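>>> sequence first, then the predicted structure, then my questions.
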Amino acid sequence: MKTDIAVKLVNVSRSFATTPAVRDISIDIRKGEVVSLVGHSGCGKSTLLRIISGVETVDSGQVFLDGQEVDGRQFVEPEKRGVGFVFQDYALFPHLSVRENILFGLKRHAQTEASANAEDVIRRIGIEHLLERFPHTLSGGEQQRVALARALAPRPGIVLMDEPFSNLDQGLRGQVRAETLSLLKSLDTTVIMVTHDPQEALSTGDRVVLMRAGEIVQAGSGYDLYDRPTSAYAADFFCLSNKVPGIRKGDRIETAIGSFRLNYAAADDGKTTVHIRPQAISISLDQGDIPARVKQRIFHGETEHILLAVEGVEMPLRAIALDRLPEGTDTVRISITAERVLAF
Ligand SMILES: Nc1ncnc2c1ncn2[C@@H]1O[C@H](COP(=O)(O)OP(=O)(O)OP(=O)(O)O)[C@@H](O)[C@H]1O
């Protein structure tokens with residue numbers, strides 16, 4: 001049966017002893033889509049990936065790849081699923097050269113077609129010069145490229161990646177990630193990438209799927225999850241906000257630092273908490289609605305985080321100053337962009 005859905009999960013659950021690792025997950029992933037699966041440690045991301053690859057099985061529910069059932073009422077072995085896997089530690093065979101590592105997965109394919117595919121992938125990834133080397137002589141970035149080449153050489157329709165960039169240092173990470181994704185897009189591969197890094201998830205996936213305790217909390221574009229979180233958990237996962245108590249009446253919330261007309265809210269009337277992102281607070285020496293005292297400055301290079309004491313608010317408010325405050329500044333004025341205040 002022809003389908004545009006590369007991966008379909010229907011009510012998938014999996015427990016280990018008394019730990020439910022994945023609970024009743026249903027999702028469709030389109031062919032060619034790049035999905036980032038994100039969540040705190042232990043939320044079930046890797047288990048879900050392993051279920052799709054076939055190295056783990058479901059307790060209940062069904063898994064379909066390209067319309068074919070691979071787990072549930074029937075089981076298809078991992079090596080027959082047409083799925084490539086890139087592990088966090090790359091899992092290269094230490095006793096095999098780079099060339100042998102890449103050719104390893106191709107044994108089942110016709111010889112000439114296999115070597116043509118491998119050569120194409122090696123050229124695209126730019127590792128021709130590494131072919132005779134052994135994994136322990138390669139840098140982290142080089143190992144990541146070889147692991148990707150090994151996963152892609154059999155031309156899988158689906159590639160699963162478990163924290164594939166987490167072993168690379170910050171400088172290299174962004175570059176290797178961008179190159180990897182543009183290659184996978186050019187091959188029209190369906191990609192599911194696990195990460196625990198909120199920024200990586202937002203910048204990588206066509207769709208971001210946020211998990212918590214084995215369940216999907218919210219799925220959508222990066223903009224959806226960041227700008228329109230449907231829960232306090234989702235809001236805080238992508239950006240820690242200042243929390244200020246308030247009273248909601250209709251579309252307004254009254255707080256000690258102002259009354260906000262809510263653009264986006266999932267709270268009921270009555271006592272609530274508003275989430276004010278640090279970016280929603282602008283700081284000025286002399287212009288702004290609310291006086292504030294500078295309690296602490298934390299310098300980050302491009303930006304500076306400022307902790308501000310404001311009358312009527314128990315906890316200091318965290319703001320991000322884009323323009324550097326003069327040294328020794330101890331009082332400022334702040335304004336809050338009401339459209340960026342969230343309530344749940
Ligand atoms: N083989 C196993 N045996 C027992 N418990 C397991 C097994 N695999 C996973 N778990 C448990 O299932 C839960 C989900 O684990 P999983 O590795 O899927 O989470 P994760 O989100 O990938 O975490 P991390 O980001 O730390 O890798 C955890 O509580 C974990 O301890």
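Received, thanks.
>>> quick one: mean pLDDT for stretch 157-170?
Mean pLDDT, computed over stretch 157-170, is 87.
>>> kindly report the same for stretch 330-343.
89.
>>> ends of it, how far apart?
Using Cα to Cα, to the nearest Å, the span of stretch 330-343 from its first residue to its last is 30 Å.
>>> so residue 257 sits right up against residue 336, yeah?
Yes: here residue 257 reaches residue 336: they are 6.9 Å apart, a contact under Cβ atoms under 8 Å. (Glycine included, C-beta is placed from N, CA and C.)
>>> who touches both of those two?
residue 290 (Cβ atoms under 8 Å, 6 or more residues apart in numbering).
>>> how many residues are close by the residue in the stretch 151-300 of the chain that the ligand sits nearest to?
Ranked by Cβ to the nearest ligand atom, the top residue of the stretch 151-300 of the chain for proximity to the ligand is residue 196, at 4.9 Å. The number of residues packed near residue 196 is 16, by other Cβ atoms under 10 Å.
>>> I'd like to know how far it sits from residue 43.
Between residue 196 and residue 43 the computed distance is 9 Å (Cβ to Cβ, to the nearest Å).
>>> next: residue 103.
Counting by Cβ to Cβ, the gap from residue 103 to residue 43 is 36 Å.
>>> neighbour count winner among those two?
Neighbours were counted for residue 103 and for residue 43 using other Cβ under 10 Å; residue 43 has more, 22 against 18.
>>> quick check: buried residues in the helix or strand harbouring residue 275?
Assigned by DSSP states H and E, residue 275 belongs to strand 270-276. Buried residues in strand 270-276, counted by 16 or more other Cβ atoms under 10 Å: 272-276.
>>> also stretch 58-71?
Neighbour counts over stretch 58-71 (16+ other Cβ under 10 Å) mark 58, 61-66, 70-71 as buried.
>>> got the CA positions of it in PDB?
Extracted C-alpha coordinates of stretch 58-71, given in PDB (Å, rounded to 0.1, in the frame of the first residue of the first chain):
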ATOM      1  CA  VAL A  58       6.500  -2.700  22.100                       C
ATOM      2  CA  ASP A  59       4.400  -4.100  24.900                       C
ATOM      3  CA  SER A  60       1.300  -2.900  23.200                       C
ATOM      4  CA  GLY A  61       0.400  -0.800  20.100                       C
ATOM      5  CA  GLN A  62       1.700  -1.000  16.500                       C
ATOM      6  CA  VAL A  63       4.600   0.400  14.500                       C
ATOM      7  CA  PHE A  64       4.300   0.900  10.700                       C
ATOM      8  CA  LEU A  65       7.200   1.800   8.400                       C
ATOM      9  CA  ASP A  66       6.200   2.800   4.900                       C
ATOM     10  CA  GLY A  67       2.800   1.400   5.500                       C
ATOM     11  CA  GLN A  68       4.100  -2.000   6.600                       C
ATOM     12  CA  GLU A  69       3.500  -3.200  10.100                       C
ATOM     13  CA  VAL A  70       6.900  -4.000  11.700                       C
ATOM     14  CA  ASP A  71       5.900  -4.400  15.400                       C
END
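>>> can you list contacts of it?
Counting by Cβ under 8 Å, 6+ apart, 1-3, 5-15, 24-26, 51-52, 54, 57, 72-73, 76, 81-83, 157-158 sit against stretch 58-71.
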